[in-house]
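Engineer: turn this into a model:
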Amino acid sequence: LVVTDTSGKNIYNVTVTPAPVKITAQPEDAVATPGYTEAPTFSIMAETMPEESGETITYQWYKDSVAIDSATNASYTVEPNLGEGTYTYYCAVTCDGYTVNTENATLFVTSATGNYEVTSSGGLTFKYPTLETAITVAKSKPNSTVKLLADATTSDTVEVSSGTFTIDLNGKIWTSNASA
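Structural biologist: All right, here's what the predicted structure looks like:
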């Protein structure tokens, strides 16, 4: 194999080695109400490459980009008493010195009140009090739907520069395919 570096020079006798670990199942988004008694759990699956390599896989979970102490398994149960809000989790999977991150999974802690409902492509549904909040959530979840549940007004201007989602206002459908 010959590889050309950024200066245009050829590099000879290059060996390409496959990554020693592969993520086979990504974590899924979750919804909880404030004061939840059953904490959500995020789980992933990973395997060594080749499967019979005998190498050890290690895990480190992150919440909002900060490592979580003692969260070093393929699954992580969220800590109790998180306040209302949106929290982002992912897992760094390491094998034989190589690290790969999972996709982000979002935990929505919401009291589920409001006139705007967002349904993710995976079927999770949650409600928001303002159109702006609902669209912000929908932009982060491709192919989701924002639905007006009751008569509502907004004086806010909502600009959409990225995201793919649908807005359903009393049966009138708009689709956003904005890109930054």
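
Engineer: mind listing what's buried in the longest strand along the chain?
Structural biologist: Ranked by residue count under DSSP state E, the longest strand found in the chain is strand 85-95. For strand 85-95, a neighbour-count test (16 or more other Cβ atoms under 10 Å) marks Tyr87, Tyr89, Tyr90, Cys91, Val93, Thr94, Cys95 as buried. C-beta: built from backbone N, CA, C; applies to glycine.

Engineer: give me the contacts around the helix or strand following that strand.
Structural biologist: Sequence order places strand 98-101 as the next helix or strand after strand 85-95, per DSSP states H and E. With Cβ atoms under 8 Å, 6 or more residues apart in numbering as the test, strand 98-101 has contacts from Ala19, Pro20, Val21, Lys22, Ile23, Tyr90, Cys91, Ala92, Val93.

Engineer: of the residues you listed, closest to Glu117?
Structural biologist: If you rank these by distance to Glu117 using Cβ to Cβ, Tyr90 comes first, at 26.2 Å.

Engineer: could you pull out the helices for the chain?
Structural biologist: Taking DSSP state H, the helices of the chain run over residues 131-140.

Engineer: tell me how many other residues surround Thr133.
Structural biologist: 19 (other Cβ atoms under 10 Å).

Engineer: if I pick it, what's in contact with it?
Structural biologist: Residues in contact with Thr133 (Cβ under 8 Å, 6+ apart) are Gly114, Tyr116.

Engineer: how close does it get to Lys63?
Structural biologist: Between Thr133 and Lys63 the computed distance is 21 Å (Cβ to Cβ, to the nearest Å).
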